[in-house]
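**Q** Let's see this in three dimensions:
(chains A and B)
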Number of protein chains: 2
Amino acid sequence: MEQRKRLQHWRDQMSKELDKVMDFWIQHSEDKEYGGFFTCLSQDGAVYDELKYLWLQGRQVWMYCRLYRKVPRFHRQEILTSAIAGGEFLLAHAQPSADSLKCAFVVTRDGRAVKVQRTIFSECFYVMAMDELWRTTHKGLYKKAARDMMDQIVHWVRKDPSSLGRPELPGADSVNAMAVPMMLLNLVDQLCEEDEEAAKTYEELEVWSVGRILQHIQRDGQAILENVSEDGKELPGCMGRHQNPGHALEAGWFLLRHASRHSDHRVAQTAVEKFVLLPFHSGWDQEHGGLFSFQDVDGHCPTQLEWSMKMWWPHTEALIAFLLGYQETRDPQLLDHFQTVFDYVFTRFLDPEHGEWFGYLSQEGKVALNIKGGPFKGCFHIPRCLYMCEEILSRFLEEEDKTTN
Amino acid sequence: MEQRKRLQHWRDQMSKELDKVMDFWIQHSEDKEYGGFFTCLSQDGAVYDELKYLWLQGRQVWMYCRLYRKVPRFHRQEILTSAIAGGEFLLAHAQPSADSLKCAFVVTRDGRAVKVQRTIFSECFYVMAMDELWRTTHKGLYKKAARDMMDQIVHWVRKDPSSLGRPELPGADSVNAMAVPMMLLNLVDQLCEEDEEAAKTYEELEVWSVGRILQHIQRDGQAILENVSEDGKELPGCMGRHQNPGHALEAGWFLLRHASRHSDHRVAQTAVEKFVLLPFHSGWDQEHGGLFSFQDVDGHCPTQLEWSMKMWWPHTEALIAFLLGYQETRDPQLLDHFQTVFDYVFTRFLDPEHGEWFGYLSQEGKVALNIKGGPFKGCFHIPRCLYMCEEILSRFLEEEDKTTN
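**A** Residues are numbered from 1 along each chain as shown, chains lettered A, B, ... in the order given. Purely as a prediction, here's the structure:
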């Protein structure tokens, strides 16, 4: 009964918080004139910059569609309308050149490209947005946009990155950066939902992505390193020793979703032990609480100035990872860790006055930036976490009720 | 007599600290095998990464030569030998392509390019290194390297930036970023030292650079903004409102050097009022002391995560700016401000145990990164400040003695 109470409390808090967070974005972020979303929002929701960052445009379209499609209380016309306007904004303005699928990183309010990154991530969030829009509206053009872009991304990653525009340099070893296979595994998860044909199409890519993620288990299984060589060896210097606990935890729950789809208990076990528990134990600040943003596996001081800051997103990944880990293993220590993170998050990150969470705390847990959105924080990690936790916890509660009755 | 004591105390502290700081770099940073300098140094001087960042290579060559040439106690063969080895490393490895003067941003220990930035700054520090090497060794090839690169930089800035590799994008307005004319004014100062012919060659560029810097006085003369339009108007959004107090103070003393060379009292007055006092008053943290790294002129929270950190270099610029400002205006409040910064710096940044300063403090003044060197911190701002302050304070002391006798 104690267990049920705890699950119930968490579920109720997650649901209430999801409503408040979505209210904030729905109220403040929509650009009714041009479509798409303002994401540079002050503590109270005021727009402090009109630039549109494309990672965040794609993510917000995805989030709106996903909630509309899966959570009955968000099945509202206004949410669908905004998501479609965001999707149309992306279709019209994401690609600065008609000759290439390369997307901008940031565009003006009316869609003119300001900056283009020589990476694949704007494009990945574009795929998420388009695939989810297709699942929500059943319009073929969104599906085609998602699939065409996915083909292009896979080409860049596995065949030829040259049209990304990054020059080949003699001192730059090619690197297996964990972000890339993680992102691809997440896209495969997205594209294959209830779609046997897609599952077949992307089967080999999924296996490849999982393999590339597992290469990041280093130091005799005692550490996850963000960057390894193409053949899975540790790289020299800071880049080789770099750790990102939030990323490892996120990779952990991506692997757990994969393991669950394929009933692969071995991968599930590895995900929990190596990608969830290891980074949590080494990445949690024993003095002040919260997850460090970056670490050096040998204990050197990282060169990233924000290394000791406590950011919103690693904590959201940890919450999802512990619940999915528990779902797979039923190891009760995972729920205790969930409790630790939950307590830190609900005490430190929430803004009871204006809604939505603060994103950037000092090592000591003080709000260091009071913005609610910016170039890298939008309507994504927090509602994704709250929605997933609500769903998983509801499932646990149903199970509890079944065993009790 | 009180005044003399104060000047004497400051001068002695600066001299002592200059010796300690240079000892640190001479002892720990030199790569005896390949030439050039390690700059990724831990608190105790241990090398934690062997990558060589070219801004810092050029700056260290400049610093060694300048001290060798100007300060008798540093006129030592070992210093000259290291400077030449650093210069030869740059000549051999700075440019990844034989077809272009474009320099890398970072290279491996043995000089293979790892990353190239699409800006002019590696090249600017290359010019500083080569010109100072020429003045120290009188070898013509260094002078030629400096002048050829200077021509290339001026071509990029004023004629055609296309070979920097940055694509033109429809939403990216062209910007007058203060860093560019500042850097050019600093290079003109370097290239024209006791050289009438160079002074003539770069006369128009100097005037242009000063004009471009003065365009950053905005808001009816009440604020320095880092980025303005090409015609000197405020830009929209965060970029337009961005302030960097340390940069403004540095521009202030660059302008004061220019004013002093040309006996231009009007520019000197503007430099002190607008580029030294304004940023100091708005950028100094009244609660915890120290200069903020970044601010938003309308008081919004900056999006740079390190905005409230106290970094070493703005404080070194402030120390130089207050002394040069006093030299030009004899306004005693400038020495009081110097005292404020001096006290903060000598209490917070110094490391009595291992020498050299910490670079990155939290808003509250706690050491946030204990590295002594990294991708952006090397042997430059601190010894340049200490050397310049020692020199200026020595001049003030001589004057005091003359008036007293």
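
**Q** Do a quick rundown of the strands in the stretch 101-250 of chain A.
**A** In the stretch 101-250 of chain A, strands defined by DSSP state E, counting those that start in this stretch lie at A:106-107, A:113-115, A:175-177, A:217-218, A:223-224, A:227-229, A:242-243, listed in chain order.

**Q** Determine the set of other helices and strands touching the fourth one.
**A** Spelled out, it's strand A:217-218. Using 3 or more Cβ pairs under 8 Å, 6 or more residues apart in numbering or on different chains; DSSP states H and E, the elements in contact with strand A:217-218 are strand A:223-224. Where C-beta positions appear, they are placed from N, C-alpha and C, glycine not excepted.

**Q** who does the strand it packs on pair up with?
**A** Applying DSSP bridges, strand A:223-224 is found paired with strand A:217-218 (antiparallel).

**Q** I'd like to know the average pLDDT value across the partner strand.
**A** Averaged over strand A:217-218, pLDDT sits at 98.

**Q** Please produce JSON lines containing the strands of the stretch 101-250 of chain A, extended by mean neighbour count.
**A** Shown next, in JSON lines, are the strands of the stretch 101-250 of chain A (neighbours: other Cβ atoms under 10 Å in any protein chain shown):
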{"stretch": "strand A:106-107", "mean neighbour count": "24"}
{"stretch": "strand A:113-115", "mean neighbour count": "20"}
{"stretch": "strand A:175-177", "mean neighbour count": "18"}
{"stretch": "strand A:217-218", "mean neighbour count": "20"}
{"stretch": "strand A:223-224", "mean neighbour count": "24"}
{"stretch": "strand A:227-229", "mean neighbour count": "19"}
{"stretch": "strand A:242-243", "mean neighbour count": "23"}
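
**Q** any chance of the ones you listed in TSV, with distance to A:Phe349 too?
**A** Converted to TSV, the strands of the stretch 101-250 of chain A look like this (distance: least, Cβ to Cβ, whole Å):
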stretch	distance to A:Phe349
strand A:106-107	25
strand A:113-115	29
strand A:175-177	27
strand A:217-218	30
strand A:223-224	24
strand A:227-229	28
strand A:242-243	22
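
**Q** Nearest to B:Cys301 among those would be which one?
**A** Nearest to B:Cys301, of all these, is strand A:106-107, at 18.8 Å by Cβ to Cβ.

**Q** Setting aside sequence neighbours, what's the nearest residue to A:Leu291?
**A** A:Pro314 (4.4 Å; Cβ to Cβ, 6 or more residues apart in numbering or on different chains).

**Q** Now do the contacts for the one you found.
**A** A:Pro314 sits next to A:Asn244, A:Pro245, A:Gly246, A:His247, A:Leu249, A:Glu250, A:Gly283, A:Leu291, A:Ser293 when contact means Cβ atoms under 8 Å, 6 or more residues apart in numbering or on different chains.

**Q** Just give me the neighbour total for the third one.
**A** Put plainly, it is A:Gly246. A count of nearby residues for A:Gly246, using other Cβ atoms under 10 Å in any protein chain shown, gives 23.

**Q** quick revisit: between the contacts of A:Pro314, identify the one with the most neighbours.
**A** Counting by other Cβ under 10 Å, top hit in the contacts of A:Pro314: A:Leu249 with 31 neighbours.

**Q** Report the separation between that residue and chain B.
**A** To chain B, A:Leu249 is 20 Å away according to Cβ to the nearest Cβ, to the nearest Å.

**Q** Give me the pLDDT value at that residue.
**A** Predicted confidence (pLDDT) for A:Leu249: 98.

**Q** That one contacts A:Pro279, correct?
**A** Yes. Here A:Leu249 lies in contact with A:Pro279, judged by Cβ atoms under 8 Å, at a distance of 5.6 Å.

**Q** Could I get the contacting residues of the residue in the stretch 151-300 of chain A that chain B sits nearest to?
**A** Going by Cβ to the nearest Cβ, chain B is nearest to A:Gly171 of the stretch 151-300 of chain A, at 3.2 Å. Residues near A:Gly171 by Cβ under 8 Å, 6+ apart: B:Ala104, B:Val107, B:Thr108, B:Gly111, B:Arg112, B:Ala113, B:Val114.

**Q** about what we covered before: over to the residue nearest to A:Leu291: give its phi and psi.
**A** phi -60, psi -30 (degrees, to the nearest 10).

**Q** Repeat that for A:Trp253.
**A** Main-chain dihedrals, A:Trp253, degrees, to the nearest 10: phi -80, psi -20.

**Q** circling back to that earlier point, from the contacts of A:Pro314, which ones fall inside helices?
**A** If you go by DSSP state H, the contacts of A:Pro314 have A:Pro245, A:Gly246, A:His247, A:Leu249, A:Glu250, A:Gly283 in helices.

**Q** what two of those are the furthest from one another?
**A** Across these, the longest distance by Cβ to Cβ is 12.2 Å; it joins A:Glu250 and A:Gly283.

**Q** Tell me if I'm right that A:Asp298 and A:Arg241 touch.
**A** Yes. The pair A:Asp298 / A:Arg241 is scored as a contact, 5.6 Å apart, by Cβ under 8 Å.

**Q** Who has more neighbours out of these two?
**A** Just comparing A:Asp298 and A:Arg241: by other Cβ under 10 Å the higher neighbour count belongs to A:Arg241, 24 against 10.

**Q** Distance of the more buried one relative to A:Gly290?
**A** 22 Å (Cβ to Cβ, to the nearest Å).

**Q** Just the buried residues of stretch A:253-269, please?
**A** Within stretch A:253-269, the residues that count as buried by 16 or more other Cβ atoms under 10 Å in any protein chain shown are A:Trp253, A:Phe254, A:Leu255, A:Leu256, A:Arg257, A:His258, A:Ala259, A:Ser260, A:Asp264, A:Val267, A:Ala268.

**Q** would you turn the residues you listed into CSV with pLDDT, distance to chain B and secondary structure?
**A** Output for the buried residues of stretch A:253-269, formatted as CSV (pLDDT from 0 to 100; distance: Cβ to the nearest Cβ, whole Å; DSSP: H, G, I helix; E, B strand; the rest coil):
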residue, pLDDT, distance to chain B, secondary structure
A:Trp253, 98, 25, helix
A:Phe254, 98, 25, helix
A:Leu255, 98, 29, helix
A:Leu256, 98, 30, helix
A:Arg257, 98, 30, helix
A:His258, 98, 32, helix
A:Ala259, 98, 34, helix
A:Ser260, 97, 35, helix
A:Asp264, 97, 38, coil
A:Val267, 98, 34, helix
A:Ala268, 98, 35, helix
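
**Q** residues contacting A:Tyr387?
**A** By Cβ under 8 Å, 6+ apart, the contact list for A:Tyr387 reads A:Leu18, A:Arg66, A:Leu67, A:Lys70, A:Val71.

**Q** Give me the helices and strands touching the helix or strand A:Arg261 falls within, please.
**A** Using DSSP states H and E, A:Arg261 maps to helix A:245-262. For helix A:245-262, the packing partners by 3+ Cβ pairs under 8 Å, 6+ apart come out as helix A:179-191, helix A:203-214, helix A:265-270, helix A:278-283, helix A:312-329.
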